[in-house]
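1. Sequence plus predicted model, see below.
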2 protein chains.
Amino acid sequence: MANPTLRDVATTAGVHAATASRALNPKTRGLVNAETAKRVIRVAESLGYRPNPIARSLKTAKSATIGVVIPDLTNPIFPPIMRGIEDALGSSDYNPWIVNTDNDFAREEILVDSLRNLQVEGLIFATARRQHPLLARLRENDVRMVLVNRKVDGIGIPTVTADDAAGVIAVVHHLAELGHTRIAFLGGPLSTSSGYVRKVAFRQAMSDRGLEYDPAIVTDCEAWAEDAGAVGAARLLDGAAPFTAVIAGNDLIALGVYDELRARGLRCPEDLSIVGFNDMPYIDKLDPPLTTVRVPLYEVGTEAARAMLELIDEPGRPIRSVLLPVKLVVRGSTAPRR
Amino acid sequence: MANPTLRDVATTAGVHAATASRALNPKTRGLVNAETAKRVIRVAESLGYRPNPIARSLKTAKSATIGVVIPDLTNPIFPPIMRGIEDALGSSDYNPWIVNTDNDFAREEILVDSLRNLQVEGLIFATARRQHPLLARLRENDVRMVLVNRKVDGIGIPTVTADDAAGVIAVVHHLAELGHTRIAFLGGPLSTSSGYVRKVAFRQAMSDRGLEYDPAIVTDCEAWAEDAGAVGAARLLDGAAPFTAVIAGNDLIALGVYDELRARGLRCPEDLSIVGFNDMPYIDKLDPPLTTVRVPLYEVGTEAARAMLELIDEPGRPIRSVLLPVKLVVRGSTAPRR
DNA sequence: CTGAAAGCGCTAACAA
DNA sequence: TTGTTAGCGCTTTCAG
């Protein structure tokens, strides 16, 4: 038989389709005579029966899938996060469903729509902005959501983030210990909470250390990307204000700083110390290896998936967010001030 | 209305559900009075109607999705390929559906099964091995497939690959020009066609250049991965046979060679020239920047998607495979023999 | 414990 | 050009 249906199983087992359905579903198997159930299961196996999830979804309005919305899969931080999500979901009945928005809001709306049409049980977003009408709307419609890396302002959505502030504080401390006092900050977009939080933490950390926060050497990038980082670095270097170290909003931005530095014939760390954020894959192999803040990316994924499963299993539980610890990883891109 | 159905649209537009269906589907709209069609469409919009793809799939046994089976998303070559697939599919009605096998055959079977249950219209595989029972079986069942990067022996499946042999020949030429004669080869798994083809090409290229092919400095890695590369490099370096350059099966393996070299206090390119394959993202930022063969990864993706669309649109067309050109990119990891 | 019957939302014959 | 009817494969009342 090409593709045996439940009906096929039922008839060859000599029972009604409904009984076969009950026998095959572990949750309803108790309603069925143990012998019959065993027989049905055996028949199903011998026929190579595979339940049609589409028919099931149509009936139950569920899908056993979790949508994962990612801004850009080519950003190396996402594969480890995805891996974490997959692994944590592995033991459950759910499968992740990845979509790529390309940082395009319209595309995000379309993709989320189609995901919802496919009856996903929940959505994990890595695309959150501090103001995010789509997420606000979904929240109102009681769509199950978990955010990773970034929060939305003023809406209670469970979020898994790294301790951005602690990371920045550790970085400032490290640079200060090396004797740097003129520390530039080249942050990510302030439209994202991680960009915002890291910048606020920077200012606070500087003042806590008794270092001057000079707005002339603090700027933001348009995007969490290498080219945006290079543009920002150029702006900083073209300015009149001197600095001996720069904290980049993330590793990709730091990469852009490397590029710009090289283009100008400057050297890191001799001319400028550089620090990144995330410790993305292979960033330790750079020339020079990048000093950065390690974010437990895989764990961000596992925690997000776990939070989603909790949301599904225990709807009543209050909304909680998880904050994961980070760790400064000192490598070759930072050196004592000369 | 929470989630209006086709029936809702039909009744408020004063027509039968079937008519509404015809009016809403561009392919059948011609069968409907232009005025009625317009009215139905307007009603659908005002109600915020979104067709339920699950119901549609159940009826049509189609899904408007293409499955993409990837061995390991954390390998940086796949995101660009995915991006290519997405972009090329973008203009069509199809959406890609990514799954990660983790290089696990059992997992691959399960995932492919579920993809097929979801009525995907075709499958793009990046996981092919030269002997691949699953793919052979799918081929027999006339499942639409396109392979990327790797072929299966003896089965006619459309495949998009880079010109592996040409790449290896260019590398050997480059190293020979630099004066290297003792060239080691640290290939990928021979169970994959790319591993096999690159190795065969190496042997041929060496003899074509009049260089000695010494099996003592030719070995294979267990996997296309950094740690496997380090293990292989150790094997080579522990051997008695001398060599001044090594060709790695891909960039990840080359990364492993870097690691092992560093662990032994050796330097690249002073002590050993290293060449990779693929030109994966950020590999140009290494210390030293890796000389490698650029594979047009994005184009691999677009071509694969295009091939899939052709398979769907023109079932009669003979099976064709596409071979994409590669280009040697010389960077700092190769130097004249000293 | 099991069967009958209905229906999830949509599309495709077939009829009118 | 439109409506009627049936059914994709499954689950879930409701009877029995």
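-> Right, received. Where do you want to start? Numbering: from 1, shown residues only, chains lettered A, B, ... in the order given.

2. and the stretch 51-200 of chain A, which residues reach chain B?
-> Within the stretch 51-200 of chain A, the positions near chain B by Cβ under 8 Å from any Cβ of the partner chain are A:51-55, A:57-58, A:63, A:73-74, A:76, A:79-80, A:82-83, A:86, A:95, A:97-98, A:100, A:113-114, A:117-119. No exception for glycine: its C-beta is placed from N, CA and C like everyone else's.

3. quick one: which of the residues you listed sit in helices?
-> For those, membership in helices holds for A:53-55, A:57-58, A:79-80, A:82-83, A:86, A:113-114, A:117, with DSSP state H as the criterion.

4. Emit the PyMOL select command for whichever of the residues of the stretch 51-200 of chain A next to chain B are buried.
-> Selecting only the buried entries of these in PyMOL, with 16 or more other Cβ atoms under 10 Å in any protein chain shown as the criterion:
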select buried, chain A and resi 52+53+54+55+57+58+63+73+74+76+79+80+82+83+86+95+97+98+100+114+117+118+119
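
5. so for stretch A:95-111, what's the average pLDDT?
-> Per-residue pLDDT values over stretch A:95-111 give a mean of 90.

6. So for that stretch, what gets flagged as buried?
-> Result for stretch A:95-111 [16+ other Cβ under 10 Å]: buried residues A:95-102, A:108, A:111.

7. Please convert those to CSV, extending it with distance to A:Val69.
-> Formatted as CSV, the buried residues of stretch A:95-111 follow (distance: Cβ to Cβ, whole Å):
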residue, distance to A:Val69
A:Asn95, 15
A:Pro96, 11
A:Trp97, 9
A:Ile98, 8
A:Val99, 6
A:Asn100, 8
A:Thr101, 6
A:Asp102, 11
A:Glu108, 7
A:Leu111, 7
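
8. Which two of these have the greatest separation?
-> The largest separation in these, counting by Cβ to Cβ, is between A:Asn95 and A:Asp102 at 22.9 Å.

9. For DNA strand D, see how far away whatever residue of chain A ends up closest to chain B is.
-> Going by Cβ to the nearest Cβ, chain B is nearest to A:Asp287 of chain A, at 3.1 Å. From A:Asp287 over to DNA strand D the distance is 56 Å, taken as Cβ to the nearest atom of the strand, to the nearest Å.

10. my read: that residue touches B:Pro289, true?
-> Yes: using Cβ atoms under 8 Å, A:Asp287 makes contact with B:Pro289 at a distance of 7.5 Å.

11. how about the helices of the stretch 201-338 of chain A, start to end?
-> For the stretch 201-338 of chain A, the helices defined by DSSP state H, counting those that start in this stretch cover A:226-238, A:251-263, A:297-313.

12. For these, could you give me a markdown table that also reports mean neighbour count and mean pLDDT?
-> Listed next are those as a markdown table, based on neighbours: other Cβ atoms under 10 Å in any protein chain shown; pLDDT from 0 to 100:
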| stretch | mean neighbour count | mean pLDDT |
| --- | --- | --- |
| helix A:226-238 | 20 | 97 |
| helix A:251-263 | 23 | 97 |
| helix A:297-313 | 21 | 95 |
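
13. Tell me which of these lies nearest to DNA strand C.
-> helix A:297-313 (20.7 Å; Cβ to the nearest atom of the strand).

14. From the rest of the structure, what touches that closest one?
-> Contact with helix A:297-313 is made by A:66, A:77, A:80-89, A:92, A:94, A:96, A:121-122, A:124, A:144, A:146-149, A:158, A:160-162, A:278, A:280, A:317, A:320, A:322, A:324, as judged by Cβ atoms under 8 Å, 6 or more residues apart in numbering or on different chains.

15. List only buried entries from these.
-> A:66, A:77, A:80-86, A:88-89, A:94, A:96, A:121-122, A:124, A:144, A:146-149, A:158, A:160-162, A:278, A:280, A:322.

16. Those in strands, which ones?
-> A:66, A:96, A:122, A:124, A:146-148, A:160-162, A:322 (DSSP state E).

17. OK, contacts around A:Asp104?
-> Here A:Asp104 is in contact with no residue (Cβ under 8 Å, 6+ apart).

18. Repeat that for A:Arg56.
-> A:Arg56 sits next to A:Lys62 when contact means Cβ under 8 Å, 6+ apart.

19. from the ones in strands among the buried ones among the contacts of helix A:297-313, which is closest to B:Glu222?
-> For these, the nearest to B:Glu222 is A:Pro96 (27.8 Å; Cβ to Cβ).

20. so how far is whatever helix or strand A:Leu111 lives in from its chain's centroid?
-> Assigned by DSSP states H and E, A:Leu111 belongs to helix A:105-117. Counting by Cα atoms, centre = their mean, to the nearest Å, helix A:105-117 is centred 18 Å from the centre of its parent chain.

21. likewise stretch A:37-56?
-> Put simply, stretch A:37-56 sits 37 Å off its chain's centre (Cα atoms, centre = their mean).
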